[in-house]
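1. Show me how the following folds:
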Amino acid sequence: MKPAPSTSSEETTTAKVSFKEFLQISRWSISLFFRINPTHSVINLLTSGFLGLQGIVNGYIFAKAIDALVQAAASSNASMRDLYPYLGYLLVFNLMESVIGFFKNYSASVLRNSSYAQIRQLLYQKLQSLGIQSLEHPEVNNKIYRANDFLQEVVPYNIALVEIMTDLVQVATSLAVVVAFFPLFIPLVVAATIPYLLNDKKFRGMIYRFSFENTEGQRIAGTTASRLSTVVNLQEIYTTNAFYYLDKKYMTFMNWFYGERIKIFKNWRLGNSSFGFLTDIVTLFGYAKVFESLVLKMITVGTATFQVRMLSTFQSSISEMFRSVNDLFEMSIRLRDTHALFQIESTFKAGTVKMIKLDAGPTIEFKNVSFCYPRSDKFVFKNLNLTIGSGEKVALVGPNGVGKTTLVKLICRMYPVTEGEILINGTNVNELSVESWYQNLGVLFQDFNLYDQLTAKENIAIGDTTTRPNFERIKKAAASADALRFIEEFSSGWDQLLNPAYTGGVRPSTGQWQKLAIARFFYRNAPLCIFDEPTASIDAVSEFKIFNRIYSFFKGKTVLIVSHRFSTVRNADRIIVFKKGQIVEEGSHADLMSNSGHYKEAFDLQASGYSG
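-> Numbering: from 1, shown residues only. Predicted structure coming up:
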């Protein structure tokens, strides 16, 4: 069954770029390379222009040598000395061509090998600047997928742009020569080339449009294949017998996808071969006219050789130039998303107010805050008012979906509030520069990062990259997170890689990973520390130890804890109970237990579950 293509209204654009778009993408690509490596970009450009002259210069010298050879052969006192000057010219020119060709190939190799990593860096720097709100949009995700898929084409696109310089020089020089002896050849070649080019352009568009319309299907299939190729995912896949289901799902789509592409390629190549024969016929007709002039003794053998070479050069260079233009237009279609990503501006503008690195925890105030997520009209909060004092330890509790994590995201400035304002020490969080705000913030989300390409020590030290790693601080943070013992038991200790896919690597348990993540935030020691379900995978004993240390370790710091486990929040200065986006209760554990409200009911229910 044919998988359904993507139907996003923003993805209905045809597989074409306008000439204006083409120029914009080309200008962006060239400026990107001159920004990354200006020296080799200039060398590549200049040497390509020179090499475009090699055909006519070499052909002219060779033609003169042929005429000298014919004259010498007809003479009774023939001598090789008459040919030495021409052979010398050819030698000097070929030497120059070799030297310049070396610099061209070398500069192109440098650009190919050195630019890709820097272009990828520029892309992820751009994505980092856009913010979560922009990056969660489905169409932006499709653009990111296609940009990553075709990012490697930025380099060949730039090289191809420069190669057109060679084709243009060859077309211009050979055109000037051909006009002088056979002007009719020019429109004949152009006319014979057009059907080939139109066929080529048509099928290039078809193949891109097909891939474009099935971007989401490719993403889904790619994710499925990734799950089947990732060791940690295979545990559940094996035990649930899901392997063959996922394998079939992946292969059904990919067999259909590549089957359709092969059909397009078949018709594409058949058309190109048929129309390409037309230019061969025209070129042979041109050869016949030159040979006729030679037979009638209107031109010399050398001149005939030169004219035949110029006919061939004009035909091949103009066909190559048109093909290169088609190539560039096709590549520009694929690079359109990469170019578009670099042009996107964050939907949440950066603030300009610089916040100093705080010594004490900040005060956070929600004033009449209402919020709904982008592309949704359902409010998570409505007129929420809440103040968290400097140095206060506050816990947020309540059922799933009541807005606890959303509140954290708003404090982290991942989204702007729909109405109202959030004040940090009296300043609207939207007015703060992100970088200065984040230097005062430490957040451990439920879906924390696993840096399995780093060592155990680096996994903790990455929590604070503003200074050189301090091993004593790292050990103290690990001890506070109850991670010290298992780290020191690793075969490589603190230098242990945390992925068995790497030589000597190991796979920590889920609980160990969570302890490493908590240690990272002990090490960060930010003025505002937010823990969103920080101990979901940790045993009760370790959890008790960690939370006692959190409350004592972050003295003077503002701490916000989101948790479903009431045992982890009972020692907070204040517990805030949420229900349907509203605060329904707040107070200390003792206060809330004496009120017989939502908190007490949930606490008693959870306690009975543990005791049972």
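
2. quick one: average confidence on stretch 415-430?
-> Mean per-residue pLDDT for stretch 415-430: 92.

3. Neighbours of residue 384, how many?
-> Using other CB atoms under 10 Å, residue 384 is surrounded by 24 other residues. Heads up, the C-betas are built off the backbone N, CA and C, glycines and all.

4. And for residue 47?
-> There are 23 residues near residue 47, going by other CB under 10 Å.

5. In three-state terms, label it for me.
-> Classification of residue 47 by DSSP: H, G, I helix; E, B strand; the rest coil places it in helix.

6. Show me which helix runs longest in this protein.
-> Assignment by DSSP state H gives helix 243-295 as the longest helix of the chain.

7. helices or strands up against that one?
-> Applying 3 or more CB pairs under 8 Å, 6 or more residues apart in numbering; DSSP states H and E, one finds that helix 243-295 makes contact with helix 185-213, helix 215-229, helix 231-239, helix 301-343.

8. Need the winner for burial among those.
-> Mean neighbour counts were compared across the helices and strands packed on helix 243-295 using mean count of other CB atoms under 10 Å; the top stretch is helix 301-343, at a mean of 20.

9. what pLDDT, on average, does the longest helix of the chain get?
-> In this model, helix 243-295 carries a mean pLDDT of 87.

10. Kindly report the same for stretch 438-445.
-> For stretch 438-445, the mean per-residue pLDDT is 88.

11. thinking again about what came up before, what angle do the longest helix of the chain and helix 231-239 make?
-> With axes from the mean of the first three to the mean of the last three CA atoms, to 10 degrees as the basis, helix 243-295 and helix 231-239 are set at 120 degrees to each other.

12. Tell me how far residue 504 lies from residue 303.
-> Applying CB to CB, to the nearest Å, the value for residue 504 to residue 303 is 73 Å.

13. rewinding a little: nearest approach to residue 176 belongs to which of the helices and strands packed on helix 243-295?
-> Using CB to CB as the criterion, the shortest distance between residue 176 and the helices and strands packed on helix 243-295 is 9.2 Å, found for helix 301-343.

14. For residue 459, grab phi and psi.
-> Here is the backbone geometry of residue 459 (degrees, to the nearest 10): phi -60, psi -30.

15. my guess is it meets residue 520, correct?
-> Yes: between residue 459 and residue 520 there is a contact under CB atoms under 8 Å: 6.5 Å.

16. Do a quick rundown of the strands in the chain.
-> Counting by DSSP state E, one finds strands in the chain at the ranges 364-372, 379-388, 393-397, 419-424, 427-428, 441-444, 528-532, 558-562, 574-579, 582-587.

17. re the thing from before, let me know the angle separating the longest helix of the chain from helix 301-343.
-> Regarding helix 243-295 and helix 301-343, their directions subtend 150 degrees when assessed with the same axes, to 10 degrees.

18. what's the angle between helix 243-295 and helix 185-213?
-> Using the same axes, to 10 degrees, helix 243-295 lies at 180 degrees relative to helix 185-213.

19. what about helix 243-295, distance to the chain center?
-> Taking CA atoms, centre = their mean, to the nearest Å, one finds the center of helix 243-295 at 31 Å from the center of the full chain.

20. could you give the angle of it to helix 215-229?
-> Our comparison of helix 243-295 with helix 215-229, counting by the same axes, to 10 degrees, yields an angle of 120 degrees.

21. For residue 8, report the pLDDT, please.
-> Model confidence at residue 8, given as pLDDT, is 40.

22. what's the answer for residue 587, then?
-> Residue 587 is given a pLDDT of 92.

23. Please enumerate the helices of the stretch 51-200 of the chain.
-> Listed in chain order, the helices found in the stretch 51-200 of the chain under DSSP state H, counting those that start in this stretch are 54-74, 84-130, 132-135, 138-150, 154-181, 185-213.

24. Ok, which of those comes nearest residue 409?
-> Evaluated over the helices of the stretch 51-200 of the chain, closeness to residue 409 peaks at helix 132-135, with 7.4 Å, by CB to CB.

25. ok so, going back, mind telling me which of the helices of the stretch 51-200 of the chain the model trusts least?
-> Of all the helices of the stretch 51-200 of the chain, the minimum mean pLDDT falls on helix 132-135 (a mean of 66).

26. re the thing from before, switch the helices of the stretch 51-200 of the chain over to a markdown table; also include distance to residue 484.
-> Supplementary listing: those in a markdown table, determined by distance: least, CB to CB, whole Å:
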| stretch | distance to residue 484 |
| --- | --- |
| helix 54-74 | 69 |
| helix 84-130 | 32 |
| helix 132-135 | 33 |
| helix 138-150 | 39 |
| helix 154-181 | 46 |
| helix 185-213 | 51 |
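
27. between these, which gets nearest to residue 351?
-> Taking CB to CB as the criterion, helix 84-130 is the member of the helices of the stretch 51-200 of the chain that comes nearest to residue 351, at 13.6 Å.

28. Counting by contacts, list what that closest one packs against.
-> If you count contacts as 3+ CB pairs under 8 Å, 6+ apart, helix 84-130 packs onto helix 19-36, helix 38-51, helix 54-74, helix 138-150, helix 154-181, helix 301-343.

29. Quick one: closest of those helices to residue 253.
-> Taking CB to CB as the criterion, residue 253 comes closest to helix 138-150 out of those, the separation being 15.0 Å.

30. CA-only coordinates of the closest one in CSV, if you can.
-> The C-alpha coordinates for helix 138-150 follow below in CSV (Å, rounded to 0.1, in the frame of the first residue of the first chain):
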residue,chain,number,x,y,z
PRO,A,138,6.6,20.7,12.7
GLU,A,139,7.6,22.5,9.5
VAL,A,140,10.8,23.8,11.1
ASN,A,141,11.5,20.2,12.1
ASN,A,142,11.0,19.1,8.5
LYS,A,143,13.4,21.8,7.3
ILE,A,144,16.0,20.7,9.9
TYR,A,145,15.7,17.1,8.7
ARG,A,146,16.1,18.1,5.0
ALA,A,147,18.9,20.6,5.9
ASN,A,148,20.8,17.8,7.7
ASP,A,149,20.2,15.4,4.9
PHE,A,150,21.6,17.8,2.3
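
31. angle of that helix against helix 84-130?
-> Relative orientation of helix 138-150 and helix 84-130, computed by the same axes, to 10 degrees: 150 degrees.

32. Pull out the buried positions in helix 138-150.
-> Neighbour-count burial for helix 138-150, counted by 16 or more other CB atoms under 10 Å, picks out 140, 142, 143, 144, 145, 146, 147, 149, 150.

33. care to break the protein down by domain?
-> Partitioning the chain according to automatic domain parsing yields domains covering residues 19-343, 360-440+528-539+557-612, 446-525.

34. can I get those domains in TSV with distance to residue 352?
-> Formatted as TSV, the entries for the domains of the chain read as follows, by distance: least, CB to CB, whole Å:
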stretch	distance to residue 352
domain 19-343	15
domain 360-440+528-539+557-612	6
domain 446-525	21
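
35. For residue 351, which of those is the nearest?
-> The closest of the domains of the chain to residue 351 is domain 360-440+528-539+557-612. By CB to CB, the value is 4.4 Å.

36. quick revisit: quick one: the helices and strands packed on helix 243-295 as CSV, columns for distance to residue 275 too.
-> Formatted as CSV, those follow (distance: least, CB to CB, whole Å):
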stretch, distance to residue 275
helix 185-213, 4
helix 215-229, 31
helix 231-239, 49
helix 301-343, 11
